[in-house]
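Asker: Quick one, fold the following:
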Amino acid sequence: MALGKGRNDGLRCAPPILRALGEGDAHMYRYSSRKFNDLLRVMGCIRIGTLYDFRRIEHGHGIGDPREGTKAVGHHIDHLFVGNPSDPHLTENKDMRALKAFRAVEIGKEARNTTIRNMSVSRSVDVPDCFILCSSKYKSKEAMNQFEGADSCVQIVDVGAFYRRVTQAIDRITPVIFRGIFEVTYQEREELWNGRDWGRHPALIKEPKYIQQGELRAIWQPQFQHEIEPLITGDYRLGAYVKYVHIE
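Answerer: Alright, predicted model coming up:
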């Protein structure tokens, strides 16, 4: 199943979405090689990745993940008895709602005394591609060690101005909608159904082994449905919004 097929629902399709950070949340850090951070500081050059591009394992440890943007949602029914499918109280039964949500079994209106035992249902969830720029809420050696090849750190000192400039730079190449900056949740990609919706957005999930990254993701959704590729933007003014910080 793909979430977010429509033009504007890419990050609204699976509420509740993780909270977007405000401009006052200025503790944001980017870990990279000194060469790339120098390019950002001096020339305003920065690589904007895509969700699907992160699935390439050649990006290295802590960055590449072939399951990016995907997860599986499941539910198990131990015992469900349905005397009359028209009983209004059945809407409060999680197992009954699961049958409909997962499109597993349809019990006819005229059926009576139906029993379902030991049944598991599951659905794979995927999301459309989007542009992503990663940063971290942590300033630490442990966080930097999570990103293969990183040997330097810059802090984004004016979050609002920085991301407005980046959005303008991307928009000059391809029209986008800036969806915000979100905290990544570290959990397994197999998730129990919550009884309401499809849970956390797959674009904001990473495995628990990466928890020391403290990753924040800025997300831009393409305005038009077409394939997208990572891009390198250039705006010399971006350098004014970042500074090098020492990592002990």
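
Asker: Where do the strands of the chain begin and end?
Answerer: Ranges of strands within the chain are 28-32, 45-50, 70-82, 114-126, 131-136, 152-156, 176-183, 185-186, 190-192, 205-206, 215-222, 231-234, 242-244, based on DSSP state E.

Asker: Mind listing residues that contact stretch 44-57?
Answerer: The contact list for stretch 44-57, computed with CB atoms under 8 Å, 6 or more residues apart in numbering, reads 36, 39-40, 59, 63-69, 127, 129-134, 165-166, 170, 203, 220, 228-239. C-beta coordinates here come from the backbone N, C-alpha and C atoms, glycine included.

Asker: Show me how the record splits this protein into domains.
Answerer: Domain assignment for the chain by automatic domain parsing gives 28-69+127-244, 77-124.

Asker: Go through those and pick out the most buried.
Answerer: domain 28-69+127-244 (a mean of 17; mean count of other CB atoms under 10 Å).

Asker: roughly how far is the longest helix anywhere in the chain from the heart of the chain?
Answerer: If each helix of the chain is counted by residues according to DSSP state H, the longest one is helix 159-173. Taking CA atoms, centre = their mean, to the nearest Å, one finds helix 159-173 lying 20 Å from the centre of the chain it belongs to.

Asker: what inclination does it have with respect to strand 215-222?
Answerer: Orientation check (axes from the mean of the first three to the mean of the last three CA atoms, to 10 degrees): helix 159-173 against strand 215-222 gives 30 degrees.

Asker: What helices and strands are in contact with helix 159-173?
Answerer: Helices and strands touching helix 159-173, by 3 or more CB pairs under 8 Å, 6 or more residues apart in numbering; DSSP states H and E, are strand 45-50, strand 176-183, strand 215-222, strand 231-234.

Asker: what residues does the shortest one touch?
Answerer: Defining contact as CB under 8 Å, 6+ apart, one finds that strand 231-234 is touched by 43-48, 131, 166, 169-170, 173-174.

Asker: what are the pairing partners of that strand, and which direction each?
Answerer: strand 45-50 (antiparallel) (DSSP bridges).

Asker: just the angle between the partner strand and strand 176-183, please?
Answerer: 90 degrees.

Asker: average model confidence for strand 45-50?
Answerer: The average pLDDT within strand 45-50 is 95.

Asker: closest to Q146 out of the helices and strands packed on helix 159-173?
Answerer: Set against Q146 and scored by CB to CB, the helices and strands packed on helix 159-173 come closest in strand 215-222, at 8.8 Å.

Asker: could I have the closest one exported to PDB, CA atoms only?
Answerer: In PDB, the C-alpha atoms belonging to strand 215-222 read as follows (Å, rounded to 0.1, in the frame of the first residue of the first chain):
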ATOM      1  CA  GLU A 215      18.300  12.800  13.400                       C
ATOM      2  CA  LEU A 216      16.100  15.600  12.200                       C
ATOM      3  CA  ARG A 217      14.700  15.600   8.700                       C
ATOM      4  CA  ALA A 218      13.700  18.600   6.600                       C
ATOM      5  CA  ILE A 219      11.200  17.300   4.000                       C
ATOM      6  CA  TRP A 220      10.200  18.900   0.700                       C
ATOM      7  CA  GLN A 221       7.400  17.300  -1.400                       C
ATOM      8  CA  PRO A 222       7.500  17.800  -5.200                       C
END
